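Enquirer: coordinates only, no sequence provided:
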């Protein structure tokens, strides 16, 4: 079956611009996660959705970052007024349900470069 | 807060050598522990997990034992192959979010 997909695979933008990153989770997975991975580092948690609602958004670095999942499937991560420090690989993952026992399946990531 | 510390890399081994990658953690409760692997050009994938103390996770010849007394989850393999070359991440979860270590780059030479 299809895994987690993310689009675009690469995004280059200019400082100050707005970007949207999309994630399609595995069908039937109710939990969806966003992480950010800087070069040479492990992924850092951003936000977790259970269904349509954000169950934990404590990892969002500031109010320029926002994510939605309006129908409980596809999610969009939105970054306003991008800064060079936002450059990273943004990873999406999904699991059947949320919780500490459940395997998270990761997508290939979107590489964001802010010039 | 929660944190994971992995041994510094990169690690370079010859084929059939024994592998250990150290991982220690800090958590307030009773986390689940994971090893994820990222092969070149591929996404993160789960290698193995353990959900309670003294559990041993195993997969593809890799093993790790959840040691609560030493707050550790070291990854081991008795005989590595060239195909094991990848970046390995130790991670924990106390709720739903994963907290990752910095990763250890493993290169296995023929």
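Expert: It's in. These numbers were taken from a predicted model, which means no experiment stands behind them. Residues are numbered from 1 along each chain as shown, chains lettered A, B, ... in the order given.
Enquirer: can you give me the strands for chain A?
Expert: For chain A, the strands defined by DSSP state E cover A:5-7, A:10-13, A:19-24, A:31-37, A:44-50, A:53-56, A:65-68, A:75-79, A:88-95, A:105-106, A:110-114.
Enquirer: one more: chain B?
Expert: Assigned by DSSP E, the strands in chain B fall at B:3-6, B:11-14, B:19-21, B:23-26, B:32-38, B:45-50, B:56-59, B:62-65, B:75-77, B:86-93, B:99-100, B:104-109.
Enquirer: which residues are in contact with whichever residue of chain A sits closest to chain B?
Expert: Relative to chain B, the nearest point of chain A is residue A:42 (3.2 Å; CB to the nearest CB). Yep, even glycine has a C-beta here, placed from its N, CA and C like the rest. For residue A:42, the contact set (CB atoms under 8 Å, 6 or more residues apart in numbering or on different chains) comprises B:4, B:89, B:91, B:100, B:101, B:102, B:103.
Enquirer: which two among those are spaced furthest apart?
Expert: B:91 and B:102 (11.1 Å; CB to CB).
Enquirer: which one of those two has more residues nearby?
Expert: Neighbour count, other CB atoms under 10 Å in any protein chain shown: between residue B:91 and residue B:102, residue B:91 has more, with 27 against 16.
Enquirer: isn't the more buried one up against residue B:101?
Expert: Yes: with contact defined as CB atoms under 8 Å, residue B:91 counts as touching residue B:101 (6.9 Å).
Enquirer: and for the two, which residues touch both?
Expert: Jointly contacting residue B:91 and residue B:101 under the rule CB under 8 Å, 6+ apart are A:42, B:4.
Enquirer: how about the residue of chain A closest to chain B, nearest residue that isn't a chain neighbour?
Expert: Closest residue to residue A:42 apart from its sequence neighbours, by CB to CB, 6 or more residues apart in numbering or on different chains: residue B:100 at 3.2 Å.
Enquirer: how about the contacts made by the residue nearest to the spatial centre of chain A?
Expert: The centroid of chain A falls nearest to residue A:34 when counting by CA atoms, centre = their mean (3.2 Å). Taking CB under 8 Å, 6+ apart, we find residue A:34 in contact with A:23, A:45, A:46, A:47, A:48, A:67, A:75, A:77, A:90, A:91, A:92.
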